[in-house]
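Colleague: return atomic coordinates for the entry below.
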Amino acid sequence: MKREDKSELIADLHQRMSQAKVAILTRFTGLDVERMTQLRRELRKAAVQYRVVKNTLFRLALRGTDKEILSSHMEGPVGVAWSAEDPVAPARVLVRYAKEWPELKIMAAASDSKLWGPAEIQGWVSLPRLDGMRAKILGLIQAPATSLARLLGAPGTQVARLLQARSRQ
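Modeller: Purely as a prediction, here's the structure:
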């Protein structure tokens, strides 16, 4: 690879890592081409990018980003999955396939200058999706207003029932 190509790759990766909400390092040694293609296809469906890069180039690309703490975990062949939209999307796909394929190992993740281990990454998968979280929050916000409306409407309803019962007598 020419020096110009390397510098372009480093600049491109640096920009992508700066915009990414999360980056997850994986070890993929032992995966055949068919499985790797399937993994990349599923990651693409989830709006996640996956790339295998030389460690030296990736370390240079991470400099000055909040993902720089991943540099210490880069040994041997490493793949990187990242998402600029949903921080949990890469974890969902990778954890699902890591359970099926023992050759795929999740090593570490970085988000907001924090380093996360494999156990924490697996915990992310149990989190509800963003739409589900929004619905829960909206429900919590609406609950007091709904209760108040029922409370204010209850005396009127009770008076109407009382009058209706009296009219039947």
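Colleague: the residue lying closest to residue 74 once chain neighbours are set aside and residue 77: what is the separation?
Modeller: Among residues not flanking residue 74 along the chain, residue 55 sits closest, at 4.5 Å (C-beta to C-beta, 6 or more residues apart in numbering). Where you see a C-beta, it was placed from the backbone N, CA and C, and this is true even at glycine. Distance, residue 55 to residue 77, by C-beta to C-beta, to the nearest Å: 9 Å.
Colleague: about what we covered before: now do the contacts for the residue nearest to residue 74.
Modeller: Going by C-beta atoms under 8 Å, 6 or more residues apart in numbering, residue 55 touches 74-75, 78.
Colleague: same question for residue 77.
Modeller: 27-29, 52.
Colleague: do that again at 6 Å, thanks
Modeller: residue 29 (C-beta atoms under 6 Å, 6 or more residues apart in numbering).
Colleague: how about it, phi and psi?
Modeller: The phi/psi pair for residue 77 (degrees, to the nearest 10) reads phi -70, psi 130.
Colleague: mind giving me the domain ranges of this protein?
Modeller: Using automatic domain parsing, the domain parsing of the chain gives 3-127, 128-169.
Colleague: show me what the helix or strand hosting residue 155 is packed against.
Modeller: Assigned by DSSP states H and E, residue 155 falls within helix 130-168. On a contact count with 3 or more C-beta pairs under 6 Å, 6 or more residues apart in numbering; DSSP states H and E, helix 130-168 meets no helix or strand.
Colleague: and that helix, what's its mean pLDDT?
Modeller: Helix 130-168 shows a mean pLDDT of 76.
Colleague: do stretch 5-19 as well
Modeller: The average pLDDT within stretch 5-19 is 89.
Colleague: now it: buried residues?
Modeller: Judged by neighbour count (16 or more other C-beta atoms under 10 Å), stretch 5-19 contains these buried residues: 9-10, 13-14, 16-17.
Colleague: residues in contact with that stretch?
Modeller: Residues outside stretch 5-19 that contact it (C-beta under 6 Å, 6+ apart): 57, 60-62, 65, 67, 84.
Colleague: for these, which one is nearest residue 22?
Modeller: Comparing the contacts of stretch 5-19 against residue 22 with C-beta to C-beta places residue 67 closest, at 8.5 Å.
Colleague: which residues sit in contact with that closest one?
Modeller: Contacts here follow C-beta under 6 Å, 6+ apart; on that basis residue 67 touches 17, 23, 110.
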